[in-house]
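K.L.:
Provided below are the primary sequence and the corresponding predicted coordinates.
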Amino acid sequence: MTTSQDLTLRAGIHSEIGRLREVVVHRPGRELDRLTPDNAAGLLFDDVLWAERARREHDEFAGVMRGHGVRVHLFEELLAQALATDGGRSFAVERVCTGRRFGAALARELRALFLDTDPALLAGYLIGGVVKSDLGTLGGGSVAWQSLGADDFVLAPLPNTLFQRDNAAWIGRAVAVNPMARAARSRESINTRTVYRHHPLFAGAGFEIVYGDDDLDHAPATLEGGDIHVIGDGVAMVGMGERTTPMGMEALARRLFEGGHARRVLAVELPKARSTMHLDTVLTMVDVATFVAYPYFDQAAARVWLLTPDGRGRECHPAGGRRARPWSRRRPLHDLPHPA
Ligand SMILES: NC(=O)NCCC[C@H](N)C(=O)O
C-alpha cells in the first residue's frame, strides 16, 4: 500500500542518520525478469537475479519500514500517476521516443502509441522495457523495426531502477537528478524528472532541483547519488571514482552553495573500480561520527578536498601529513581541520 495520493510530503534529507519519514523505493518488476546471462553485464549486473524472491524480500523490507511509521512511495506507482497527467505523459514520451533512439519512422509511431497507452502499462514499459512482440503490428516503413526479432528489445529495460538512491539524490531540500555515468542507466533520468515535475505529490513540496533537470548531455560531469552522503549540519560528502567525476562533483557543489543548501562539500577520491563503485559502497554512516567502512578501501591513501562557497577546493592534509597520521582513523569526518 502506498499513500502517495496524500499530497503532503515531508521532503528533505538533512543527515544520513536522522529519522526516516518518507522514502521512494522501487519494487522489482518486469525489468528484473528480463535479465539474462547474455544481457546482464551490459545492464550492469554481475548475475541474473531471482526476481520473484527479490520481490518477496522487497515487500518484507517495505513492510518493516511501514511498521516503523515510514511512508513508503513505490517509484513505478509514482511514475504511473505522473504519466496520468497530460503534461507528465507528453514530457516523458517526447524524451523517450526520439529519432536518435528509434529512427524517425518508428519514433513517430511509438510516440502516437505511448501517448494513447494506459499510464500504468506505460510506466511498466518505461521501466521494464519493451520487446517487439509486446507491441503487435507497428513500423510499416521503419528499417529499425523490421530488423528486430520478436524477442529483441525495442526499448531496453532499466533494472537498475532498483537502486533509487543513484538517479536522484536529496541534499537538504535540494534535489540532483543525476546524469548517470553508464548508458545503461541514462534513461532513468527521464522517468525521475517526469515524477518530480509532474506528480502532484511534489508540486508543493518546496524543494529545488539543482542539477540534471534539463536535456543536456552532461558527460563528463557525471554524478551518481550513491556517491553523495549528507553528513549533516550543512555538510555533504561526495565520492569521486568510477561514476562521479570531479567535474560532476564541482557542478553539484556550486549549485548547492548558490542555493544555500550546503556550506561545505567534502570530496573524497575513490579508486576507479567496481568494488569501490560509489562512496556508499565503501562507507556507511551509522552515527554522528561513526562509519562502517569496507576494509579494502585504503582510507589513509584517499585524497580529500574541502570545497567552500567562495568557489575554492583545497586538499585537506591532516596535521603531520596524510600518510603519517591517517585522519580517518582519528577524527570524525565532519571534524576535518580547515586547510590553511
Ligand atoms: N548506490 C549503490 O549501491 N548502487 C549500486 C548500483 C549497482 C548497479 N548495478 C550499477 O552498476 O549501477
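P.N.:
Noted; the coordinates are in hand.
K.L.:
Flag the shaky bits of this protein, pLDDT-wise.
P.N.:
Within the chain, the ranges that satisfy pLDDT under 70 run 1-8, 139, 317-340.
K.L.:
can you do 90?
P.N.:
The chain contains residues with pLDDT under 90 at 1-11, 136-141, 203-206, 288-289, 295-301, 311, 316-340.
K.L.:
mind listing what the residue in the stretch 51-200 of the chain that the ligand sits nearest to touches?
P.N.:
Here the residue of the stretch 51-200 of the chain nearest the ligand is F163; by C-beta to the nearest ligand atom that distance is 4.1 Å. Where you see a C-beta, it was placed from the backbone N, CA and C, and this is true even at glycine. F163 sits next to G226 when contact means C-beta atoms under 8 Å, 6 or more residues apart in numbering.
K.L.:
Please determine how far it is located from A51.
P.N.:
15 Å (C-beta to C-beta, to the nearest Å).
K.L.:
what about the residue in the stretch 1-150 of the chain positioned nearest to the ligand, how many neighbours?
P.N.:
The nearest approach of the stretch 1-150 of the chain to the ligand comes at L44, 3.5 Å away (C-beta to the nearest ligand atom). L44 is flanked by 16 other residues according to other C-beta atoms under 10 Å.
K.L.:
quick one: it and N160 touch, right?
P.N.:
Yes. L44 is within contact range of N160, at 5.9 Å (criterion: C-beta atoms under 8 Å).
K.L.:
Identify the contacts common to the two.
P.N.:
Common contact partners of L44 and N160 (C-beta under 8 Å, 6+ apart): 184-185.
K.L.:
circling back: the residue of the stretch 1-150 of the chain closest to the ligand in helix, strand or coil?
P.N.:
Secondary structure, DSSP: H, G, I helix; E, B strand; the rest coil: L44 is coil.
K.L.:
any idea how far it is from E224?
P.N.:
From L44 over to E224 (counting by C-beta to C-beta), the distance is 11 Å.
K.L.:
What of G206?
P.N.:
Using C-beta to C-beta, we find G206 at a distance of 25 Å from E224.
K.L.:
residues contacting the residue in the chain that the ligand sits nearest to?
P.N.:
At 2.6 Å from the ligand, G226 is the closest residue in the chain, using C-beta to the nearest ligand atom. Applying C-beta under 8 Å, 6+ apart to G226 gives the contacts 163, 165-166, 239, 243, 277-281.
K.L.:
Would you list the buried entries among these?
P.N.:
163, 165-166, 239, 243, 277-281 (16 or more other C-beta atoms under 10 Å).
K.L.:
Now I17. Nearest residue, chain neighbours left out?
P.N.:
Closest residue in space to I17, ignoring its immediate chain neighbours: M285 at 5.7 Å, by C-beta to C-beta, 6 or more residues apart in numbering.
K.L.:
Helix or strand next in line after the helix or strand containing I190, which one?
P.N.:
Using DSSP states H and E, I190 sits within helix 188-198. Remark: after helix 188-198, the chain's next helix or strand is helix 200-203, criterion DSSP H and E.
K.L.:
Show me the contact partners of the next helix or strand after that next one.
P.N.:
Downstream of helix 200-203, the next assigned helix or strand under DSSP H and E is strand 208-211. Strand 208-211 is contacted from outside by 171, 173-179, 196, 223, 251-252, 255-256, 258-259, 261, using C-beta under 8 Å, 6+ apart.
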